[in-house]
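[1] Need a 3D model of the following:
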Amino acid sequence: MSAAVAQVAAGAAFAVAAALLARRYRLGLARPLVTAALRAAVQLAVVGALVALIFHLPALAIAFVAVMVATAALTSGSRLRGLAGARRAAAAAIALPALAATAILLAIGAFAWTPRAAIPTAGILIGGAMTATTLTGRRLLEALERGGDELETRLSLGDSAREALAPFTRQAIATGLVPVIDQTRSVGLVTLPGTFVGLLLGGASPAAAARIQLTVLLSLLAVELISAVIVSELIARACVRPGERIVLPRPQPAGARG
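    Residues are numbered from 1 along each chain as shown. Below is the predicted model:
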């Protein structure tokens, strides 16, 4: 059996095992797991072909990154139910830090200014920003939904609207950053991140792979923190009304999340 066939077969087997386990425990996740696996297979095949094309036509790299940002914004925004303009908020929280960090890394020469280096760097940072945006935004919206009484108490005791919201936003940001902090703390001891493994499989020296992985991880810390701060700030602004009133987000009709 060739390595390519073995890789695809192993991946498919693990996906099927996960779906069967989810069905066995009645988690309601069997269909989403299978759908996600099939989508991943199709999307990666298409992306592989597109990236090969972009390597020959570098001008397409900007369009490709724009598609990544738009897809991340749609994905994250769809998770922020109850927030009007959720997709616009997600786009701002994802694009601003991720693209700024990518530009800085390329400008200072940390990575080569080529599609081969720029697209993976942007993709990793956009993915991290999406995760932080989704986790922080969902955590904050859920906390606000449950914390109406606490907010009213804080306002009645003289807190401003932003002061009353501050404990909720701080906790949401802290929660949103747990995955990247844990990943950074455990790298090399518990996990070997994809960038590191990919570089090793591509023939890079362990020292070079470790150096590049460290750069990416530390960049992710800043990017995800900024994404979490931006989305929490936008949610807080959406809640505050003139006269120091707080109006909590309400579920929006399908297609009305912006």
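[2] Tell me how many other residues crowd Val180.
    For Val180, the count of nearby residues is 21 (other CB atoms under 10 Å). Quick note: C-beta positions are derived from backbone N, CA and C, even for glycine.
[3] Now it. Nearest residue, chain neighbours left out?
    Once flanking residues are discounted, Val180 sits nearest to Glu224: 4.8 Å by CB to CB, 6 or more residues apart in numbering.
[4] Tell me who's in contact with the one you found.
    By CB atoms under 8 Å, 6 or more residues apart in numbering, the contact set of Glu224 is 97, 128-129, 131-132, 176-177, 180.
[5] That one: helix or strand, and which one exactly?
    helix 206-239 (DSSP states H and E).
[6] pLDDT score assigned to Phe111?
    pLDDT recorded at Phe111 is 89.
[7] same deal with Arg250?
    The predicted local confidence for Arg250 is 67.
[8] do the same with Gly147
    84.
[9] mind checking the backbone torsions on it?
    The phi and psi torsions at Gly147 (degrees, to the nearest 10) take the values phi -100, psi 30.
[10] Setting aside sequence neighbours, what's the nearest residue to it?
    Phe168 (6.2 Å).
[11] buried residues in stretch 181-197?
    183, 187, 193, 195-196 (16 or more other CB atoms under 10 Å).
[12] Kindly format the C-alpha coordinates of that stretch as CSV.
    Output of stretch 181-197 as CSV, limited to C-alpha atoms (Å, rounded to 0.1, in the frame of the first residue of the first chain):
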residue,chain,number,x,y,z
ILE,A,181,-2.1,29.5,26.2
ASP,A,182,-2.3,25.8,26.9
GLN,A,183,-0.9,25.0,23.4
THR,A,184,2.0,27.4,23.9
ARG,A,185,2.8,26.1,27.4
SER,A,186,2.7,22.4,26.4
VAL,A,187,4.4,22.7,23.0
GLY,A,188,7.1,20.1,22.6
LEU,A,189,6.1,18.4,25.9
VAL,A,190,2.6,17.3,25.1
THR,A,191,2.0,18.3,21.5
LEU,A,192,4.1,18.8,18.3
PRO,A,193,2.2,21.4,16.3
GLY,A,194,1.4,21.0,12.7
THR,A,195,3.9,23.7,11.5
PHE,A,196,6.8,21.9,13.3
VAL,A,197,5.8,18.5,12.0
